[in-house]
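K.L.:
Have a look; sequence and predicted model below, questions after that.
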Amino acid sequence: MLVLGIDPGTAITGYGLVFEERGELSPLTYGVIRTPAKQKLPLRLVHIYGELQKLISEHRPDAVAVEEVFFSNNARTAFAVGQARGVCLLAAAEAGLPVYECTPLEVKQAVVGYGRAAKDQVQQMVRLLLNLDSIPRPDDAADALAVAIWHCHSARTTALIEEDAVQR
């Protein structure tokens, strides 16, 4: 199973493609989509959308996992990130891919085993789980890989539960 994990943002959208086979995880590629700071929001969204379309077309993932918006004290930032997230969901849905959504807490729980883990703990576990020489940079790419890992772990758990239910 190939999963595209996305950490949405208007300035930087992180992406990471993780391949899972029989419980083994391996990174295919990861990086970020950057938009110019002075560009108007609609044009930034078009850019994010177009780059995601290219990624999806080139790599043909089986599923897309997108992190939900973390509401901070800055409502304006939260709304802008929510709009970028909507573009990510649209690109995946338009490609006919199943979309899975997760909270930052769920990602931390799946990757580190503790929902209140620090960002550096998550990044270090991403490095270890994917057998990387160093922590993926920038942080947004590491976060997107963590989202993809979350989906791989949750999909495997769901499959085991369903298999157990069938056997009973």
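P.N.:
Everything's here; your move. Everything numeric here is computed off the predicted structure, so don't read it as measured data.

K.L.:
And the helix or strand hosting Gly86, what does it pack against?
P.N.:
Assigned by DSSP states H and E, Gly86 belongs to helix 75-94. Under the contact definition 3 or more C-beta pairs under 8 Å, 6 or more residues apart in numbering; DSSP states H and E, helix 75-94 sits against helix 41-59, strand 63-67, strand 99-102. (Each C-beta comes from the backbone N, C-alpha and C, glycine too.)

K.L.:
Quickly compare those and say which is most buried.
P.N.:
strand 63-67 (a mean of 24; mean count of other C-beta atoms under 10 Å).

K.L.:
Return the list of strands paired to that strand, each annotated with direction.
P.N.:
Paired strands of strand 63-67, with direction, are strand 2-7 (parallel), strand 99-102 (parallel) (DSSP bridges).

K.L.:
Select the longest helix from this structure.
P.N.:
helix 139-167 (DSSP state H).

K.L.:
who touches stretch 90-106?
P.N.:
Contact with stretch 90-106 is made by 4, 49, 52-53, 56-57, 61-68, 70, 89, 110, 115-116, 147, 150-151, 154-155, as judged by C-beta atoms under 8 Å, 6 or more residues apart in numbering.

K.L.:
what's the first-to-last distance across that stretch?
P.N.:
22 Å (C-alpha to C-alpha, to the nearest Å).

K.L.:
buried set for the lowest-mean-pLDDT helix or strand in the chain?
P.N.:
Lowest on mean pLDDT, DSSP states H and E among the helices and strands of the chain sits helix 139-167, with a mean of 84. Going by neighbour count (16 or more other C-beta atoms under 10 Å), the buried part of helix 139-167 is 139-155.

K.L.:
Go ahead and confirm Leu132 touches Val126.
P.N.:
Yes: contact criterion C-beta atoms under 8 Å: Leu132 and Val126 qualify, at 7.5 Å.

K.L.:
Please say which of those two ends up with more neighbours.
P.N.:
Neighbour count, other C-beta atoms under 10 Å: between Leu132 and Val126, Val126 has more, with 29 against 15.

K.L.:
Look up how far Ala110 lies from that one.
P.N.:
Here the criterion is C-beta to C-beta, to the nearest Å. By it, Val126 lies 11 Å from Ala110.

K.L.:
what's the answer for Thr29, then?
P.N.:
Thr29 sits 21 Å away from Ala110, going by C-beta to C-beta.
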